[in-house]
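Asker: no letters, just coordinates:
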């Protein structure tokens, strides 16, 4: 009997697949046939909807989420948990915060013996895991560590050669050589090629002379400069004297090691002027300063010469033939900062969503007449605010893990295709994730009502400290334009017979597959099985990206004839930004789907599938107008998507506690009383003196 039932079920599945295949091949069918297929889908969806809520093994899910670097993160948490004097208080002055932040970093490196610098090149994934944990202790500490090791230290390792590594590695590693990354200027930030600081070679003394030619060239917002820095990697135009009538030649932007303070006395060195950028909106534990150089002389060896060198007689040599190629190679080696910001931003989102969700489970308000009050997370409106955000947090986690993995591969292989892939992907994920996190922190604050406004419950400091993530290491709007520009480049190469890099692979077939007339049958399928099919979800995301890419290419071609290339780009700018965001969403979903399939624990895999479906369908619903306008989704299907999003939010709500617990953030990291796992209200009232 059991075998007979199994055979019947298998037969039903085969017949249904044959019917769907026939509909794809022959879309001209009767209304009765369409209604029959839709009815089957509705019935199957209804049956699945009635299934009970799942159970989640939090420990198994947490193990899958945190991976092999869990131990080093636990070591960071344990060190600070045992040292109250190194924990950042709610109220602290700028100067005291800077001193505390410096002591936190010194303690981590010299007392806890956690040495992040050796992992910057050797094992980047471990470095970023440490960075996430440190940022959870204090975001200022995370940024200060990033400036020291990823920016200042990373520039020495990645742009210099063996002589620089041998001379500076130990001092950077043990914090004896605290340093800065002096790229941004008062008048120039994102446009690095427009920097005005100059480094002129003096062949008579075998030195470079660093000059700030005008106020617009003052180095601005330089972390570690105001108080603690002793060296700076200064980005400047390399100027070489010539023997012809030209007099001097601009060789493009290069990086130079410039001492700014005496190693023994800590006095500012001659020719260097340092000013404090002052109190900021957030991250006041980081001492940002402004630097001016007045004919500061440095040895020729202080040129970080991996991509270009100057000999004793003033001859310039490089393995790269043009200024643009050298510039691209230089910036390509600095993408680690963007990778770190994207990864760290997800860590901030985990903290904010954990606080908001735990409080929403704790807080009870109103309810049915003459019955106990219900938790505010039982309200659909609260679920609508927080459950898609929780789904996005999980999606971003896996996407940034993949980015870190690609970055690690790139550092080992130096494969040109992978370098380009990581450069564009890091730009897109940094922009998309940090913008989303910034908005989400405010939503979390509002979702927690008046208690979310208390400084002790963290949302204010999280919001203020994270806000700048949208700007440094590349303004988000500029970075999204880089992604759009790369997509257009791939688009043009495709029609010239070229190939796509790994991340853009799906675009190889999309122009024909996704830009063709939508199938009138699949546009009407509304069953839960179909809507939760990863292939449908990916197809929908990629269809949207492909249409945006195709249409903006046509628009740019049209407008460039009358406005020129720059004018056309500006005319289509909003379209281009939407394209970039759509592409990044497609990449994020693809990585999430892969992570679901790879999860070894069955209960965790089921939970991740539920969360992944919510992430995908909520994004489709949020842009349902686009899909409706091109008949990709019929009205009945749009309604089904909307209903399913609400239902999935409800289902995710049922396991929300387990999902945030799987982040495995100790109370010393979340710190908000309303997010404590035990006696939250008691700890909250004790904070104000009861």
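Answerer: Right, received. Where do you want to start? Owing to the predicted nature of the structure, the values given are computational and were not obtained by experimental measurement.
Asker: residue ranges with poor pLDDT in the stretch 451-600 of the chain?
Answerer: Judged by pLDDT under 70, the stretch 451-600 of the chain has its weakly predicted residues at 494-521.
Asker: how far does stretch 263-275 sit from the chain's center?
Answerer: When C-alpha coordinates are averaged (CA atoms, centre = their mean, to the nearest Å), stretch 263-275 and its chain have centres 36 Å apart.
Asker: buried sites along that stretch?
Answerer: Within stretch 263-275, the residues that count as buried by 16 or more other CB atoms under 10 Å are 271-272, 274. Yep, even glycine has a C-beta here, placed from its N, CA and C like the rest.
Asker: how about stretch 348-368?
Answerer: Along stretch 348-368, the positions that meet the burial threshold by neighbour count (16+ other CB under 10 Å) are 348-363.
Asker: so which residues of the chain form strands?
Answerer: Remark: strands of the chain, listed N- to C-terminal, are 179-182, 198-202, 207-211, 219-222, 231-241, 248-259, 272-276, 289-293, 296-299, 309-310, 316-317; assignment by DSSP state E.
Asker: which one of those strands lies nearest to residue 647?
Answerer: Within the strands of the chain, the stretch nearest residue 647 is strand 219-222; the backing value is 46.8 Å (CB to CB).
Asker: list the contacts of the closest residue to residue 98 other than its chain neighbours.
Answerer: In this structure, residue 98 finds its nearest non-sequential neighbour in residue 287, 5.0 Å apart by CB to CB, 6 or more residues apart in numbering. For residue 287, the residues meeting the contact criterion (CB atoms under 8 Å, 6 or more residues apart in numbering) are 98, 223-229, 276.
Asker: one more time with 10 Å
Answerer: With contact set as CB atoms under 10 Å, 6 or more residues apart in numbering, residue 287 has these partners: 94-95, 97-99, 101-102, 140, 144, 147, 180, 222-229, 276-277.
Asker: list buried residues within those residues.
Answerer: Using 16+ other CB under 10 Å, the buried ones in the contacts of residue 287 are 97-99, 101-102, 140, 144, 147, 180, 222-229, 277.
Asker: those residues in helices, which ones?
Answerer: Per DSSP state H, helices hold the following members of the buried ones among the contacts of residue 287: 97-99, 101-102, 140, 144.
Asker: residue 603: which of those residues is nearest?
Answerer: Among those, residue 140 lies closest to residue 603 (CB to CB), at 38.3 Å.
Asker: ok, that closest one to residue 343 distance?
Answerer: Going from residue 140 to residue 343 by CB to CB, to the nearest Å gives 17 Å.
Asker: follow-up on the earlier one: among the buried residues of stretch 263-275, which one sits closest to residue 54?
Answerer: Sorting the buried residues of stretch 263-275 by distance to residue 54 puts residue 274 at the head of the list, at 57.9 Å, by CB to CB.
Asker: can you tell me how far that closest one is from residue 143?
Answerer: Plainly put, residue 274 is 19 Å away from residue 143 if you go by CB to CB.
Asker: residue 372: neighbour count?
Answerer: Residue 372 has 7 neighbours, counted by other CB atoms under 10 Å.
Asker: scratch that, residue 311 is what I was asking about
Answerer: Close neighbours of residue 311, defined as other CB under 10 Å, add up to 11.
Asker: tell me which residues in stretch 533-547 are buried?
Answerer: Going by neighbour count (16+ other CB under 10 Å), the buried part of stretch 533-547 is 534, 536-547.
Asker: just give me the closest of the residues you listed to residue 595.
Answerer: Distances from residue 595 to those, taken as CB to CB, are shortest for residue 534 (11.5 Å).
Asker: for the residue nearest to that closest one when sequence neighbours are not counted, which residues are in contact?
Answerer: For residue 534, ignoring the flanking residues on the chain, the nearest one in space by CB to CB, 6+ apart is residue 593 at 4.7 Å. When contacts are counted by CB under 10 Å, 6+ apart, residue 593 is found next to 395, 398, 534-535, 537-538, 608-609, 612-613, 615-616.
Asker: need the max-distance pair from these.
Answerer: Within these, two members stand farthest from each other by CB to CB: 398 and 535, at 18.3 Å.
Asker: tell me the domain ranges of this structure?
Answerer: With automatic domain parsing as the criterion, the domains of the chain are listed as 60-173, 179-322, 336-504+528-666.
Asker: reformat those domains as JSON lines; add distance to residue 675.
Answerer: Rendered in JSON lines, the data for those read as follows (distance: least, CB to CB, whole Å):
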{"stretch": "domain 60-173", "distance to residue 675": "13"}
{"stretch": "domain 179-322", "distance to residue 675": "20"}
{"stretch": "domain 336-504+528-666", "distance to residue 675": "4"}
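Asker: identify whichever of those domains lies nearest to residue 673.
Answerer: domain 336-504+528-666 (6.1 Å).
Asker: let me know which of the strands of the chain is tucked in deepest.
Answerer: The highest average neighbour count among the strands of the chain, using mean count of other CB atoms under 10 Å, belongs to strand 179-182 at a mean of 30.
Asker: if I read this right, residue 131 contacts residue 150, doesn't it?
Answerer: Yes: using CB atoms under 10 Å, residue 131 is in contact with residue 150, at 7.7 Å.
Asker: now for the two: what residues contact both?
Answerer: What both residue 131 and residue 150 touch, as defined by CB under 10 Å, 6+ apart, is the set 116, 124, 143, 339-341.
Asker: widest-spaced pair of those?
Answerer: Longest distance between any two of these is 17.7 Å, between 124 and 143; criterion CB to CB.
Asker: neighbour count winner among those two?
Answerer: More crowded of residue 124 and residue 143, by other CB under 10 Å: residue 143, with 30 against 24.
Asker: who's in contact with that one?
Answerer: Residue 143 makes contacts with 101, 131, 134-135, 150-151, 223-224, 282-283, 285-286, 288, 340-341, 344, 465, 468-469, 472, as judged by CB under 10 Å, 6+ apart.
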